[in-house]
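Undergrad: pasting the structure only:
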């Protein structure tokens, strides 16, 4: 295998580094966090960053660094699972639309057009308002409203792939539709989807943090970067650290996935 | 051209029906009925309001009857009565639309005025320091969360330095102002929201403009234009720019739902009495009739935005009519 730096340029590696860094934080959260993220300390309310609390404390005296570390888990989990759901829906519908075409394909494409008309954030808010803002609901709703791009990509790829010789060969030896779609067409159509998934994770993390910031996402006391920022807004001016650190965490994470996605795109699609 | 527009409008009706079906499905997503399960835990919805919503959606009737009756009312722009203040939903939404549309339109104009020159310059000087600098800027623009940017601007420009107002669209003493002062006052209130709303789009459009321009500059007709001795200025602005701009129009149309959706965030942060804030307040208060109304109207606005983009595309590009 080639050394990494010959395959990827500096920015992509930087993106990969950011992505890896936060994944490690999320996995080892209990070891990295210096305090229990829910531990209230009324004697140390809103203390600025110091040696005992490197990111300071929040309005209940909880250690901000520990809350941020556990928040990483929530934000990444929502991002991954939401995009996983979107990928499953998008790949399935896109493959069906591409492979069968005709009226099934037309119906799916119209459905995609209709879904694209809704301001996504409105749709997400409306559904969350009707359900409850639990983490599971948020992941499902973000996933269910962001699969359309992936479906279009898969469909376009499969339409061009299904007339290729290796698919005719496969059919000649008696492979069924399901086998052709899942074993041959989808794996060969995955390159642009991989790019879309990488950007999608960044998007889902942004949506989750926006929802949590508005108070309709991950509910306190469970920490998420968005709801820490929301608490930070309440004490604006009295606790700059509560606005600075979660904002930077969201910004760097989203930047990391975008850089990685751009790098994958340049490698795979050119 | 006329045939093209007609074809688009037929497609539009299909989309419109689809929008109403999905919105209708959303109403029924809640476990059980929005009137019982949800409302039980929600003290904000009174007994009387529960009966009203049951009546409004005809929840005791079969689904298809419910949908058709809802659609009939929808065709008359009758979305029912708001739970919060018992006013007609359509009226509540209509009075909020101008503010949101104004902010979106000014943002779009700003995005075009700033984003296109940035993208063109990046493409012309591909690989230069300026191009790389702008690429970094674009990635930063994509990654900054809108609400965080709003908070920082609010904290520094509004609270610490007191340069601009940070809440609402007019000052307390607005009524005492003369006409000119009124315009200045509203503009000052809108600077931060417009900036925040345009920020993300700016990164996107300049990026698309760059890649579109790069593509066009490699075409044969650009070489021809250069070969027949046109100045670089004429080649760029007369021949390349027009062609490179076309795909950007489509992207602009596609970014309308994002802009409208984003209004929830900055309107609630800056207390702008627009559609986004109305939606946020309705979501917080579980004001179902308003939620459904805004959802449908938001989708229709998106539809109109896309149609406008497509028609202007067809108007500029004669090849579209033939297809």
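TA: Received the coordinates, thanks. What you see is a predicted model, and the numbers here were worked out from it, not measured in a lab.
Undergrad: okay, now residue A:24: neighbour count?
TA: 12 (other C-beta atoms under 10 Å in any protein chain shown). For every residue, glycine as well, the C-beta is placed using N, CA and C.
Undergrad: Give me the residues contacting the strand or helix carrying it.
TA: Residue A:24 is part of helix A:10-27, with elements assigned from DSSP states H and E. With C-beta atoms under 8 Å, 6 or more residues apart in numbering or on different chains as the test, helix A:10-27 has contacts from A:4-5, A:8, A:32, A:69, A:72-73, A:76-77, A:249, A:252-253, A:255-264, A:266-267.
Undergrad: which among those residues end up buried?
TA: Among these, those buried by neighbour count (16 or more other C-beta atoms under 10 Å in any protein chain shown) are A:8, A:32, A:69, A:72-73, A:76, A:249, A:253, A:255-264.
Undergrad: Restricted to helices, list the residues you listed.
TA: A:32, A:69, A:72-73, A:76, A:249, A:253, A:255-264 (DSSP state H).
Undergrad: which non-adjacent residue is nearest residue B:254?
TA: residue B:306 (7.2 Å; C-beta to C-beta, 6 or more residues apart in numbering or on different chains).
Undergrad: Run the chain-centre distance for the helix or strand harbouring that neighbour.
TA: Assigned by DSSP H and E, residue B:306 belongs to helix B:288-316. Centroid separation between helix B:288-316 and its chain, computed with C-alpha atoms, centre = their mean, to the nearest Å, is 9 Å.
Undergrad: List the buried residues in that helix.
TA: So for helix B:288-316, counting by 16+ other C-beta under 10 Å, buried means B:288-303, B:305-307, B:309-311, B:313-314.
Undergrad: quick one: low-confidence ranges for the chain?
TA: By default, I'm working from chain A. Under the criterion pLDDT under 70, the flagged ranges of chain A are A:1-8, A:269-270.
Undergrad: actually it's chain B I care about, not the one you picked
TA: In chain B, residues with pLDDT under 70: B:1, B:29-60, B:320-323.
Undergrad: Quick check: longest helix in it by residues?
TA: Longest helix in chain B, counting residues (DSSP H): helix B:179-217.
Undergrad: Following that one in sequence, what is the next regular element?
TA: Using DSSP H and E, the first helix or strand after helix B:179-217 is helix B:220-227.
Undergrad: sorry, back to before: can you pull the contacts of the residue nearest to residue B:254?
TA: Here residue B:306 is in contact with A:117, B:253-254, B:256 (C-beta under 8 Å, 6+ apart).
Undergrad: so which of the residues you listed would you say is closest to residue B:178?
TA: Of all the contacts of residue B:306, residue B:178 sits closest to residue B:256, with 35.7 Å by C-beta to C-beta.
Undergrad: That closest one against residue B:310, yeah?
TA: No. Using C-beta atoms under 8 Å, residue B:256 makes no contact with residue B:310, being 11.9 Å away.
Undergrad: show me the contacts for the nearest residue to residue B:191 once chain neighbours are set aside.
TA: What sits nearest to residue B:191 in space, not counting adjacent residues and going by C-beta to C-beta, 6+ apart, is residue B:164, at 5.7 Å. By C-beta under 8 Å, 6+ apart, the contact set of residue B:164 is B:157-158, B:188-189, B:191-192.
Undergrad: buried stuff in the longest helix of chain B?
TA: B:185-186, B:189-190, B:192-210, B:212-213, B:216-217.
Undergrad: Now find how far off-centre stretch B:232-248 is within its chain.
TA: Per C-alpha atoms, centre = their mean, the centroid offset for stretch B:232-248 relative to its chain is 27 Å.
Undergrad: Going by neighbour count, which residues in that stretch are buried?
TA: In stretch B:232-248, counting by 16+ other C-beta under 10 Å, buried: B:235-236, B:239-241, B:243-248.
Undergrad: Secondary structure for those residues - can I get that in a markdown table?
TA: Listed next are those as a markdown table, based on DSSP: H, G, I helix; E, B strand; the rest coil:
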| residue | secondary structure |
| --- | --- |
| B:235 | helix |
| B:236 | helix |
| B:239 | helix |
| B:240 | helix |
| B:241 | helix |
| B:243 | helix |
| B:244 | helix |
| B:245 | helix |
| B:246 | helix |
| B:247 | helix |
| B:248 | helix |
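Undergrad: and which of the residues you listed is nearest to residue A:232?
TA: residue B:248 (36.7 Å).
Undergrad: how close does that closest one sit to chain A?
TA: According to C-beta to the nearest C-beta, to the nearest Å, residue B:248 and chain A sit 18 Å apart.
Undergrad: ok, that residue - contacts?
TA: B:116, B:205, B:208-209, B:212.
Undergrad: Go through these and name the one nearest chain A.
TA: residue B:208 (13.8 Å; C-beta to the nearest C-beta).
Undergrad: What residues does that closest one make contact with?
TA: Per C-beta under 8 Å, 6+ apart, neighbours of residue B:208: B:119, B:247-248, B:251.
Undergrad: List just the nearest of those residues to chain A.
TA: Looking across the contacts of residue B:208 and measuring by C-beta to the nearest C-beta, the closest to chain A is residue B:251, at 13.2 Å.
Undergrad: how far away is the spatially closest residue to the closest one that is not a sequence neighbour from residue B:244?
TA: Once flanking residues are discounted, residue B:251 sits nearest to residue B:208: 5.0 Å by C-beta to C-beta, 6+ apart. According to C-beta to C-beta, to the nearest Å, residue B:208 and residue B:244 sit 9 Å apart.
Undergrad: and if you look at residue B:236?
TA: 10 Å.
Undergrad: Wait, residue A:151 touches residue A:88, no?
TA: No. With contacts counted by C-beta under 8 Å, residue A:151 stays clear of residue A:88, the gap being 10.8 Å.
Undergrad: the more surrounded of the two?
TA: residue A:151 (27 against 13).
Undergrad: For the nearest residue to that one once chain neighbours are set aside, list the residues it contacts.
TA: Sequence neighbours aside, residue A:94 is the residue nearest to residue A:151 in space, at 3.7 Å (criterion: C-beta to C-beta, 6+ apart). Contacts for residue A:94 (C-beta under 8 Å, 6+ apart) come out as A:108, A:150-155, A:158.
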